[in-house]
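Colleague: Provided below for reference: sequence and predicted model.
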Amino acid sequence: MIERGQIPLADPEVLHVRRIPNVGPSSRYLSGGIIVVGLGLALATIISVAGESPEVGIGVGGAIAILGGAFIVRSIIVRPELPTHGVANVKPPAIPDDRL
């Protein structure tokens, strides 16, 4: 195929083995935690200002912000395991004898 100017298609099985995800569970928890902390702080501000009750706003929004903090701590403590399969386990494709 290369001699004819065509690009050979990659073997899907080899591509599946070589693929290593770049986004692990810890980064998802970090992103989620940051969003939940922001939501808690925004809710605390809204309740405190609009409801004219800072104690209630800090209580409700603070509880949600603490939940987001737990997600952030979890993302720091729990690290994703490296995949056991990878490039080292990839076997080169077999070349037929007539091509040698």
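Modeller: Great, that's in hand.

Colleague: quick one: secondary structure of Gln6?
Modeller: The three-state assignment at Gln6 reads coil, by DSSP: H, G, I helix; E, B strand; the rest coil.

Colleague: that one - how many residues pack around it?
Modeller: Gln6 is surrounded by 8 other residues when neighbours are defined as other C-beta atoms under 10 Å. Every residue, glycine included, has its C-beta placed from N, CA and C.

Colleague: give me the pLDDT for it.
Modeller: Among the per-residue scores, Gln6 holds a pLDDT of 74.

Colleague: next one: phi and psi at it?
Modeller: Backbone geometry at Gln6, expressed as degrees, to the nearest 10, gives phi -100, psi 150.

Colleague: which ones are touching Phe71?
Modeller: Phe71 makes contacts with 29-30, 32-33, 36, as judged by C-beta atoms under 8 Å, 6 or more residues apart in numbering.

Colleague: redo that, cut-off 10 Å
Modeller: Counting by C-beta atoms under 10 Å, 6 or more residues apart in numbering, Phe71 touches 28-37.

Colleague: now flag whichever of the residues you listed is closest to Glu3.
Modeller: For those, the residue nearest Glu3 by C-beta to C-beta is Arg28; the value is 46.0 Å.

Colleague: the closest one: how many residues sit nearby?
Modeller: As a burial measure, Arg28 scores 13 neighbours (other C-beta under 10 Å).

Colleague: which element is it on?
Modeller: In the assignment (DSSP states H and E), Arg28 maps to helix 25-50.

Colleague: in that helix, what counts as buried?
Modeller: Buried positions in helix 25-50, judged by neighbour count with 16 or more other C-beta atoms under 10 Å: 29-30, 33, 36-37, 40, 43-44, 47-48.
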